[in-house]
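Provided below are the primary sequence and the corresponding predicted coordinates.
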Amino acid sequence: MVKFMQVMASAPGKAILFGEHAVVYGKPAIAIAVDRKAYIQIQKRDDDKIYVNVRDLGISGYLDMFNDEIIEKNGQRTGILKYILESLKVLGIHHDVGMDIKVDIKIPIGAGLGSSAAVTVATIMAVSKFSQIGLTREQISKYAHEVELKVQNAASPIDTTISTYGGAIYLSKNSKGVIPLNIGENIPLVVGYTDTRGNTGKLVEEVRFRRDTYPEIIDPLLESIGTITDEAKIALLDEDEKRIGELMNINHGFLDALGVNTRELSEMVYLARSSGALGSKITGAGGGGSIIAYCPGKVSEVYSTLNSTENAFKVSISRKGVEEIV
Ligand code: MEV
């Protein structure tokens, strides 16, 4: 039974500070939610169709829940619609009630900043409210991870977890769950991103291939990334600036060795360092996408330099995760 004629939810994007890719192999990772969000609005329709419109990207389509497909698609890169289809499926939604789903993504897309996770998490919250399915944050996070696994084949829970809970987290399978990290709100970070989109699923697959080809080289490297993350957790809590920067630079070198670096990302990483960042690295899956720079006292300088060659923004942490907007 649908009581609400209209609901709206938002969820933040993310930046991984340490541990991407290694987290897929059970190593720890540290991520923050960034103050850039995906918004999902659902309105009841008079018929029983489910229509999705991603206005900013000129993408739309109808979700055919019976045949498990998206029909009458419009626009390019309609991949984002799959996350919405799977989000409805994971909640057991069919065509009982028609819905117009409007999607607004204020996160750079395919830039390693968690746009697909934010869309998924916000969709699960909005659809559950619309259909009056009571979900805890833990369930939202779990369902959203299932959706990412379905669409991308391989994914760790890092993106969906941080988008659900907000703030800063340390995720480790050894510590059984999510540990909130008390990192200062004003941590001096700048993100730089290219227009070249990385495909997370493909990059994760490429790392897997490299690991299968050179297990004795890549396994210790993934282990080392895990150690970097554990050291970084202490450095972040101690606000040990020099160490945070150095650990970022080492982590970047390992990501390069995993094969997810590109010339544009490399250029941004070194530009950030020469403009005063104490550390800089790829953030997210790589292969295009984004870098993150840690720049105590130099945020404006690093931002201006990166923004003059590619795109950049100064990071504010989103303390809130997914939320219903009333
Ligand atoms: C993507 O944001 C982070 C990766 O580690 C993939 C994942 O954890 O699912 C590259």
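Sure, I can see it.

the nearest residue to residue 160 once chain neighbours are set aside in helix, strand or coil?
Nearest non-adjacent residue to residue 160, counting by CB to CB, 6 or more residues apart in numbering: residue 144, 3.8 Å away. Every C-beta, even on glycine, is put in place using the N, C-alpha and C of the backbone. Here residue 144 is recorded as helix under DSSP: H, G, I helix; E, B strand; the rest coil.

how much space separates residue 144 from residue 131?
Going from residue 144 to residue 131 by CB to CB, to the nearest Å gives 16 Å.

just to revisit the earlier point, who touches the residue nearest to residue 160 in this structure?
By CB atoms under 8 Å, 6 or more residues apart in numbering, the contact set of residue 144 is 87, 117, 120, 121, 124, 160, 163, 164.

now, those that are in helices?
Among those, the residues falling in helices (DSSP state H) are 87, 117, 120, 121, 124, 160, 163, 164.

for stretch 38-54, the distance to its chain's centre please.
In terms of CA atoms, centre = their mean, to the nearest Å, the centre of stretch 38-54 is set 23 Å apart from its chain centre.

and that stretch, end to end?
From its first residue to its last, stretch 38-54 covers 11 Å (CA to CA, to the nearest Å).

what's the mean pLDDT across that stretch?
Here stretch 38-54 scores 96 as its mean pLDDT.

report the buried residues of it.
With burial defined by 16 or more other CB atoms under 10 Å, the residues of stretch 38-54 counted as buried are 38, 39, 40, 41, 42, 43, 50, 51, 52, 53, 54.

and what about the fifth one, helix, strand or coil?
For residue 42, the secondary-structure state derived from three-state DSSP is strand.

residues near residue 118, how many?
Residues within reach of residue 118, counting by other CB atoms under 10 Å, total 34.

now the ones in helices among the contacts of residue 144 as CSV including distance to residue 236?
Formatted as CSV, those follow (distance: CB to CB, whole Å):
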residue, distance to residue 236
87, 32
117, 22
120, 27
121, 24
124, 29
160, 22
163, 20
164, 21
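
could you flag which of the residues you listed are buried?
87, 117, 120, 121, 124, 160, 163, 164.

how much space separates the second one from residue 96?
Between residue 117 and residue 96 the distance, using CB to CB, works out to 27 Å.

so which of the ones in helices among the contacts of residue 144 comes closest to residue 79?
Closest approach between the ones in helices among the contacts of residue 144 and residue 79, by CB to CB: residue 120, at 12.1 Å.
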